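Colleague: give me a model of this one.
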Amino acid sequence: MNKTDALIIGAGPTGLFTAHQLKLIGLDCEVVDNLDKIGGQCIELYPDKPIYDIPAVPECTGEELTNNLINQLKPFDIKFHLSERVDEVKKDNGNWIVKTSKGKTFSTPNVIIAGGVGSFEPRKFAPKECEKFENKSLFYSVKDKTIFQGKTVSIFGGGDSALDWAVELSKSSKVNLIHRRDEFRGAQSTVDKVKELEKSGKLNIFTKYQLSKANGSNQLESIDIKHDEGEIKNLKTDYLLGFFGLIMQLGPIANWGLNIDKKTIEVDTEKFETNQKGIYAIGDICSYPGKLKLILSGFHEGALAARACFKLARPNEKYRFEFTTTSSNLLKRLGKKE
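Modeller: Predicted coordinates:
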């Protein structure tokens with residue numbers, strides 16, 4: 001079991017800055033995120049789009065903001081648990097016992113939910129039988145492209161992810177690219193590249209087709225795809241990839257006994273604590289009178305929640321507020337000389 005002073009759920013900007021604040025005041029923390037990378041919405045939804053409302057930063061992209069926050073964490077040793085969803089939170093002898101989708105268990109007096117608008121989950125294939133192939137021969141993201149070498153891979157989707165992986169995997173695999181529409185919506189340069197590869201026989205393109213059935217017992221053997229006009233084709237397939245975008249859901253959070261209003265968690269404005277002692281909600285996922293869904297608001301909420309955590313993590317110590325400009329303790333934690 002992992003023991004820590006605070007567990008942060010969400011590795012977006014608000015969660016990252018809160019980790020900084022916790023470590024700054026001498027508390028340990030770990031971070032869990034359902035995504036496979038750090039950055040939350042900033043990286044997943046708008047890595048290249050400019051942000052104009054971060055104080056003292058006239059303009060930056062989501063990726064630049066994330067990288068700066070990661071750099072700010074460099075003085076500290078923080079453990080991230082990516083591609084993991086928190087499934088269960090239960091009270092036990094004054095601590096919260098937290099279990100993840102990968103079977104990890106944490107014991108902590110403080111849980112900080114910085115989950116943005118909830119957990120990001122992929123839109124999935126409709127046929128029910130697809131579930132038995134998930135994470136074996138059916139995937140919604142690529143973590144290790146080497147498993148596809150020399151195999152037949154059928155890729156569904158019409159956006160950048162589907163097109164990019166079709167191009168990449170065509171170098172060492174037989175690729176079928178299937179899209180439910182006639183036109184692709186990815187970058188034109190990639191669309192042109194895919195069409196060039198089709199002409200040279202490096203991949204096959206099927207438009208106006210959708211997945212009708214996935215065939216096989218334990219391992220995927222073939223798929224049936226159905227045209228808009230009813231024609232069905234059977235394609236021999238070793239692996240199936242689906243890139244249909246992400247949906248955002250509260251997920252298991254809805255079952256943790258928290259006061260929820262319109263898919264947001266109600267908190268106070270002193271500590272940003274929920275109705276459950278020791279569980280806090282910050283960032284876009286929390287609600288209170290006057291709430292603004294701005295990144296800077298999340299930073300403020302995280303700073304106050306972090307200091308509230310101190311009382312539960314160190315019940316026999318008194319928290320003393322200090323400035324980073326003058327405190328030798330804080331400068332030492334930051335690795336700076338006085």
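Colleague: going by C-alpha atoms from here, please, whenever you check contacts or count neighbours.
Modeller: Will do.
Colleague: buried sites along stretch 243-255?
Modeller: By 16 or more other CA atoms under 10 Å, the buried positions in stretch 243-255 come out as 243, 244, 245, 250, 253.
Colleague: of those residues, just say which sits nearest to residue 332.
Modeller: Nearest to residue 332 among those: residue 253, at 36.9 Å, using CA to CA.
Colleague: phi first, then psi, for the closest one.
Modeller: The phi/psi pair for residue 253 (degrees, to the nearest 10) reads phi -50, psi -30.
Colleague: go on, residue 164?
Modeller: With angles defined as degrees, to the nearest 10, residue 164 sits at phi -60, psi -40.
Colleague: how's the chain carved up into domains?
Modeller: Each structural domain of the chain that the record assigns through automatic domain parsing is listed here as a residue range: 2-121+247-333, 124-244.
Colleague: may I see the ones you listed arranged in TSV, with mean pLDDT as well?
Modeller: Conversion of those to TSV gives the following (pLDDT from 0 to 100):
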stretch	mean pLDDT
domain 2-121+247-333	93
domain 124-244	95
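Colleague: where exactly do the helices run in the stretch 51-200 of the chain?
Modeller: Using DSSP state H, counting those that start in this stretch, the helices found in the stretch 51-200 of the chain span residues 62-72, 160-169, 188-199.
Colleague: tell me the SS of residue 14?
Modeller: Of the three states, residue 14 takes helix according to DSSP: H, G, I helix; E, B strand; the rest coil.
Colleague: for it, give its distance to residue 20.
Modeller: Distance, residue 14 to residue 20, by CA to CA, to the nearest Å: 10 Å.
Colleague: compare those two (neighbour count), which wins?
Modeller: In this view residue 14 and residue 20 are compared by other CA atoms under 10 Å, and residue 14 has more residues nearby, 31 against 25.
Colleague: go ahead and confirm the more buried one touches residue 298.
Modeller: Yes: taking contact to mean CA atoms under 8 Å, the distance of 5.3 Å between residue 14 and residue 298 places them in contact.
Colleague: common neighbours of those two, please.
Modeller: Common neighbours of residue 14 and residue 298, using CA atoms under 8 Å, 6 or more residues apart in numbering, are 282, 283.
Colleague: re earlier: in JSON lines: the buried residues of stretch 243-255, plus distance to residue 278.
Modeller: Rendered in JSON lines, the data for these read as follows (distance: CA to CA, whole Å):
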{"residue": "243", "distance to residue 278": "38"}
{"residue": "244", "distance to residue 278": "37"}
{"residue": "245", "distance to residue 278": "34"}
{"residue": "250", "distance to residue 278": "19"}
{"residue": "253", "distance to residue 278": "15"}
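Colleague: and these, which is closest to residue 43?
Modeller: The shortest separation between residue 43 and any of the buried residues of stretch 243-255 is 13.7 Å, and it belongs to residue 245 (by CA to CA).
Colleague: phi, psi of that closest one?
Modeller: As for residue 245, its main-chain torsions (degrees, to the nearest 10) stand at phi 90, psi -180.
Colleague: hmm, it is touching residue 123, no?
Modeller: Yes: using CA under 8 Å, residue 245 is in contact with residue 123, at 6.0 Å.
Colleague: touching stretch 329-338 from outside, list them.
Modeller: 23, 24, 25, 26, 75, 76, 322, 323, 324, 325, 328.
Colleague: now the buried members of the residues you listed.
Modeller: When burial is judged by neighbour count using 16+ other CA under 10 Å, the buried members of these are 23, 24, 25.
Colleague: bridged to residue 134, which residues?
Modeller: Counting by DSSP bridges, residue 134 forms beta bridges with residue 138.
Colleague: distance of it from residue 321?
Modeller: Looking at residue 134 against residue 321, where the rule is CA to CA, the gap reads 49 Å.
Colleague: out of the buried residues of stretch 243-255, who's nearest residue 294?
Modeller: For those, the minimum distance to residue 294 (CA to CA) is 19.3 Å, reached by residue 250.
Colleague: isn't the closest one up against residue 262?
Modeller: No: in this structure, residue 250 is not within contact of residue 262 by CA under 8 Å, at 10.4 Å.
Colleague: please name the nearest non-neighbouring residue to the spatially most central residue of the chain.
Modeller: Centroid-nearest residue in the chain, with CA atoms, centre = their mean: residue 35, separated by 2.6 Å. Closest residue to residue 35 apart from its sequence neighbours, by CA to CA, 6 or more residues apart in numbering: residue 83 at 4.8 Å.
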